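K.L.:
Next input, structure requested:
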Amino acid sequence: MAIDYIDLGIRIKRRREQCNMSQADLAAKVHLSTQHISNVENAKSKISLEKLIEVANVLGCTLDELICGSMKKGKTVYVGEIAEKLEVLSDTEIRMVPEMLKHLNYMYRLMEIRMKEEMEE
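P.N.:
Next up, the predicted model:
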């Protein structure tokens, strides 16, 4: 199975931003260039397993949280992420979730288009 480098880059960026860390901060902590971190986040460069482990450690997460888009059994990571998001929803918002899930395929296609556009920027 191929590694989904787009998903990996998105997850690294999201986690880095949650940690209020710049690309330069992360790069310095894992001894890589800021440009390389940018390229990894934009799926223009690959990252070694050793450096990916360092990135996960610096960002305070597990490898499976970063690579679950490439894992056949990454469901537990997604279930945890969904549960976290559901916790903060109001009763009204929760009632909307089943309807939104019915339209998941359409939303996924839109997200794919958006990611491709971002990659081209």
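K.L.:
The residue nearest to residue 47 when sequence neighbours are not counted: neighbour count?
P.N.:
In space, and not counting its chain neighbours, residue 47 is closest to residue 40: 4.9 Å by C-beta to C-beta, 6 or more residues apart in numbering. Just so you know, the C-beta spots here come from the backbone N, C-alpha and C atoms, and that holds for glycine as well. Neighbour count of residue 40, defined by other C-beta atoms under 10 Å: 24.
K.L.:
What lies in contact with stretch 22-40?
P.N.:
Around stretch 22-40, the neighbours that count as contacts under C-beta atoms under 8 Å, 6 or more residues apart in numbering are 5, 8-9, 12, 16, 41, 44-47, 51, 54-55, 58-59.
K.L.:
redo that, cut-off 10 Å
P.N.:
For stretch 22-40, the surrounding residues in contact (C-beta atoms under 10 Å, 6 or more residues apart in numbering) are 5, 8-9, 12-13, 15-17, 19, 21, 41, 44-48, 50-59.
K.L.:
Narrow those to those in strands?
P.N.:
Members of the contacts of stretch 22-40 lying in strands (criterion: DSSP state E): none.
K.L.:
Now, of those, which are buried?
P.N.:
With burial judged by 16 or more other C-beta atoms under 10 Å, the buried subset of the contacts of stretch 22-40 is 5, 8-9, 12-13, 15-16, 21, 41, 47, 51-52, 54-56, 58-59.
K.L.:
From the residues you listed, which land in helices?
P.N.:
Using DSSP state H, the members of the buried ones among the contacts of stretch 22-40 that fall in helices are 5, 8-9, 12-13, 15-16, 41, 51-52, 54-56, 58-59.
K.L.:
May I ask which two of the residues you listed are separated the most?
P.N.:
Largest separation among these by C-beta to C-beta: 5 and 58, giving 19.2 Å.
K.L.:
what about residue 19, distance to residue 57?
P.N.:
According to C-beta to C-beta, to the nearest Å, residue 19 and residue 57 sit 12 Å apart.
K.L.:
which stretches of this protein have low pLDDT?
P.N.:
Low-confidence segments of the chain, defined by pLDDT under 70, are located at 1, 69-75, 121.
K.L.:
where does the lengthiest helix in it sit relative to the chain's centre, distance-wise?
P.N.:
If you go by DSSP H, the chain has its longest helix at helix 104-120. Helix 104-120 has its C-alpha centroid displaced from the chain centroid by 14 Å (C-alpha atoms, centre = their mean, to the nearest Å).
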